[in-house]
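S.K.: My questions are about this predicted structure, shown below with the sequence.
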Amino acid sequence: MIKNEDIICISSIDWDFVWQGHQEIMTRLARGGNRVLFIENTGVRAPRISDLGRIRKRIVNWKSGLHGIRKIEDGLYVYSPIVFPFPYLRIARLINRKIILSVLFKWLKAVGFHEPIIWVFLPTGLSLDLINRLDPKVLVYYCIDSFKSSSKDAQKIQGAEEAVIKKSDLVFCTSKKLQEHCSRHNKNVFYFPFGVNIENFRKAGSSRTVPPGDIGSIKKPIAGYIGGIHKWIDFDLVRYVAEANKDISFAFCGPIQTDIEKVKDMPNVIFLGQKRPEELPLYVKAFDVAMIPYRLTEYTNNVYPTKLNEYLSLGKAVVSTHLPEVVRFSDENKGLVRVSRSREDFARLIRDLADHPINDDEASRAIIAAEKNSWTRRLEEMSLLIEKEERKKEIARETLWKDNLKNLYRKTGKMAAVALAASLALYGLLFYTPLLWITAGPLYMKDLPARSDVIAALGAGVGESGRAGQGYQERVDTAVRLYNKGFAGKIIYSSGYRYIMKEAEIMKALSVSMGVDGKDVIVDESAGNTFEMITRLRDICVRNGWRKVIIVSSPYHMLRLKLLCDKAMGGIGTVLIPTEESSFYARGPSVTAAQIRGILHEYIAMVYYKYKGYI
């Protein structure tokens, strides 16, 4: 058996559920010198009222561990994730993936798990997400169910299952039909029915232990069954057979998972409840004949009953319905299993075996047949395949390293070429097409000059150019021109920016040098940004009784100004006039990076102003 491996099992059942191959395999692998993390079932359907007990148990298990992970024994850990129970909603799958991976990556790092073998029983979309992120050393899919025929909910994972099959390095199947199904998508598919814990059953068979009290008190002969009491049991058949053989007790050992009303009133049909794995052999030993009374459906056509080998390991005669896997097994073992074709046939076979038990020779043949299907042998065969796959991958890495390196460089080169081409295309689009001016178009607006009480020219600061001392001259020129044409008798220069000297004072000095009477100029040196400029301008207008103002600023500053004025100026009318000439926004054969930054800054500023509630 493989040793010194890190193994992650993505299970389709919970650890505390009926003991099956999932727990058996992982326990044996852990005890065989490997480290195992068993991830409990994350679901194939939305929860129902009947699941409340299981959900409560999951929460208890999560709390009992550290972030849901608890240690069962040396080398064996179980993760009970709390997930959103809607496996086919994309948002739920995304959240569940993040929840599980967040815990897994921390735990894997804490315990030093690396290059894990991933063993999958549950081929859902979420499982596929985990596989892709965990990057397994070897990926094994153990196909034990026909999901397309098990339930309407499970049918939805067919696409994910196909992807898991294709991605797997090895696919193990519990029936020939499942093997045929998986072989359509993967060539490395192998037939491995669930085995039997032959050591446990052999120990019970050789002991002289008195049967447990509940079955020891049942009237003989006993026709027995072990396993989950589920919907695949044919209770119509059980009722018929029990009525036809009223002197035979029909004992069922296992958790009740479905409605048993059809046989509940029958005195010779007894349900003994779930038993611990180590107790089951003692119950089988008490049987006079063992049963597999399954319904014949598309689902059970793919089922290999684990209990078959468990019965045989104690030399018991077995009666089964006509399941394809049981028929195949019986044919390979010279009619070792009695297979019925009708309910009358089933009842007759039970009667015959109760009256005439099999002889020692047939019992020995049964035990030998079961030993061929022991878990010890199964895992040895599986391990050989896994080790072979590991060696194959190692050889491939060694022999193909040159090709892999060339492919890596080739791939990197292609990515670099694509990135370069995209960069050049983007560069050309931004700098050598009218795209920027088309994008900036909504920012520009201009009112017709109108007689007003005052002209307000806003300072440039570092403005759109990102450099001090640029832009204020153009705003002064425009303000003075409007002043000289008689549109207003006063000018306000608003700027709190200082670069060597205060910008507002420089703007006043420039306008005076251009012939404006200094007594007609007002300087506001307190405003630090456009919002403050407008609110202070409103206050100045209110104090002086002015009802209309011309505002001068940069061409692509106009939309933000309008939105500000609409909200902040109250009843004061505004006329927005952009500078006629703007050296910064002058259109040449190409666009400059500074111009792109300026337009981008204006859009970002409007988003910020909206967030602050200024506009």
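M.R.: Thanks, I have the structure now. Numbering: from 1, shown residues only.
S.K.: residue ranges for the strands of the stretch 301-450 of the chain, please.
M.R.: Along the stretch 301-450 of the chain, counting by DSSP state E, counting those that start in this stretch, strands occupy 318-320, 338-339.
S.K.: Okay, now the sheet partners of the last one, with direction.
M.R.: Meaning strand 338-339. strand 318-320 (parallel) (DSSP bridges).
S.K.: quick check, distance from the partner strand to the centre of its chain.
M.R.: 43 Å (CA atoms, centre = their mean, to the nearest Å).
S.K.: next one: stretch 561-579
M.R.: 52 Å.
S.K.: next one: stretch 22-37
M.R.: On CA atoms, centre = their mean, the centre of stretch 22-37 falls 26 Å from that of its chain.
S.K.: Are we agreed that Met26 is in a strand?
M.R.: No. Checked against DSSP: H, G, I helix; E, B strand; the rest coil, Met26 lies outside a strand; its state is helix.
S.K.: Which pLDDT value goes with it?
M.R.: pLDDT for Met26: 97.
S.K.: residues contacting it?
M.R.: Ile7, Cys9, Val36, Phe38, Leu76, Trp119 (CB atoms under 8 Å, 6 or more residues apart in numbering). Bear in mind the C-beta positions are built from the backbone N, C-alpha and C, glycine included.
S.K.: Neighbour-wise, give me the winner out of these.
M.R.: Cys9 (28 neighbours; other CB atoms under 10 Å).
S.K.: for that one, helix, strand, or coil?
M.R.: With three-state DSSP as the criterion, Cys9 reads strand.
S.K.: For it, give me its contacts.
M.R.: His22, Ile25, Met26, Val36, Leu37, Phe38, Ile39, Ile118, Trp119, Val120, Phe121.
S.K.: likewise Lys316?
M.R.: Val284, Phe287, Val289, Ala290, Ala363, Ala366.
S.K.: right, and the third one touches Lys220 too?
M.R.: No. Taking contacts as CB atoms under 8 Å, Val289 lies outside contact range of Lys220: 11.1 Å.
S.K.: who's more crowded, these two?
M.R.: Between Val289 and Lys220, Val289 has the larger neighbour count (other CB under 10 Å), namely 23 against 10.
S.K.: Which strand residues bridge the more buried one?
M.R.: Assigned bridge partners for Val289, using DSSP bridges, are Ala223.
S.K.: Model confidence score at it, please.
M.R.: Reported pLDDT for Val289: 98.
S.K.: Please apply the same query to the one 4 residues further on.
M.R.: Model confidence at Pro293, given as pLDDT, is 98.
S.K.: mean confidence for stretch 163-174?
M.R.: Here the average pLDDT along stretch 163-174 is 96.
S.K.: would CSV of the contacts of Met26 with pLDDT and distance to Phe190 be doable?
M.R.: Below are the contacts of Met26 laid out as CSV (pLDDT from 0 to 100; distance: CB to CB, whole Å):
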residue, pLDDT, distance to Phe190
Ile7, 97, 18
Cys9, 97, 18
Val36, 97, 21
Phe38, 97, 22
Leu76, 97, 25
Trp119, 97, 14
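S.K.: Take those residues and write them to CSV, including distance to Glu199.
M.R.: Below are these laid out as CSV (distance: CB to CB, whole Å):
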residue, distance to Glu199
Ile7, 22
Cys9, 22
Val36, 19
Phe38, 21
Leu76, 18
Trp119, 22
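S.K.: Looking at those, which is nearest Asp247?
M.R.: Phe38 (44.7 Å; CB to CB).
S.K.: list the helices and strands whichever strand or helix holds the closest one packs on?
M.R.: According to DSSP states H and E, Phe38 maps onto strand 35-39. Using 3 or more CB pairs under 8 Å, 6 or more residues apart in numbering; DSSP states H and E, the elements in contact with strand 35-39 are strand 6-10, helix 21-31, strand 76-79, helix 90-111.
S.K.: angle of the longest one against strand 35-39?
M.R.: Taking axes from the mean of the first three to the mean of the last three CA atoms, to 10 degrees, helix 90-111 and strand 35-39 form an angle of 160 degrees between their directions.
S.K.: next helix or strand past helix 90-111?
M.R.: Sequence-wise, the next helix or strand downstream of helix 90-111 (DSSP H and E) is strand 117-120.
S.K.: Switch the helices and strands packed on strand 35-39 over to TSV; also include distance to Met514.
M.R.: Converted to TSV, the helices and strands packed on strand 35-39 look like this (distance: least, CB to CB, whole Å):
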stretch	distance to Met514
strand 6-10	80
helix 21-31	90
strand 76-79	79
helix 90-111	65
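S.K.: highest average neighbour count across these?
M.R.: Counting by mean count of other CB atoms under 10 Å, strand 6-10 has the highest mean neighbour count of those, with a mean of 25.
S.K.: how far does that one sit from the chain's center?
M.R.: Centroid displacement of strand 6-10 relative to its chain, using CA atoms, centre = their mean, is 17 Å.
S.K.: Then stretch 233-242?
M.R.: Put simply, stretch 233-242 sits 43 Å off its chain's centre (CA atoms, centre = their mean).
S.K.: got it, and stretch 571-583?
M.R.: 55 Å.
S.K.: State the mean pLDDT of that stretch.
M.R.: Mean predicted confidence for stretch 571-583 is 90.
S.K.: Name the residues that touch that stretch?
M.R.: 444-450, 452, 470-471, 474-475, 477-478, 482, 538, 541-542, 546-555, 557-558, 561-562, 565.
S.K.: can you list the strands of the stretch 301-450 of the chain in TSV and add mean pLDDT?
M.R.: Output for these, formatted as TSV (pLDDT from 0 to 100):
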stretch	mean pLDDT
strand 318-320	98
strand 338-339	97
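S.K.: Minimum distance to Ser102: which of those has it?
M.R.: Across those, closest to Ser102 is strand 318-320 (CB to CB), at 46.4 Å.
S.K.: Contacts only, for the closest residue in space to Tyr191 that isn't next to it in sequence.
M.R.: Using CB to CB, 6 or more residues apart in numbering and skipping the chain neighbours, the partner closest in space to Tyr191 is Gln179 (5.1 Å). Gln179 makes contact with Cys173, Val189, Phe190, Tyr191, according to CB under 8 Å, 6+ apart.
S.K.: same thing with Lys490?
M.R.: Per CB under 8 Å, 6+ apart, neighbours of Lys490: Asp453, Val454, Ile455, Asp520, Val521, Ile522.
S.K.: can you check Lys393 too?
M.R.: Lys393 neighbours (CB under 8 Å, 6+ apart): Lys137, Val138, Asp169.
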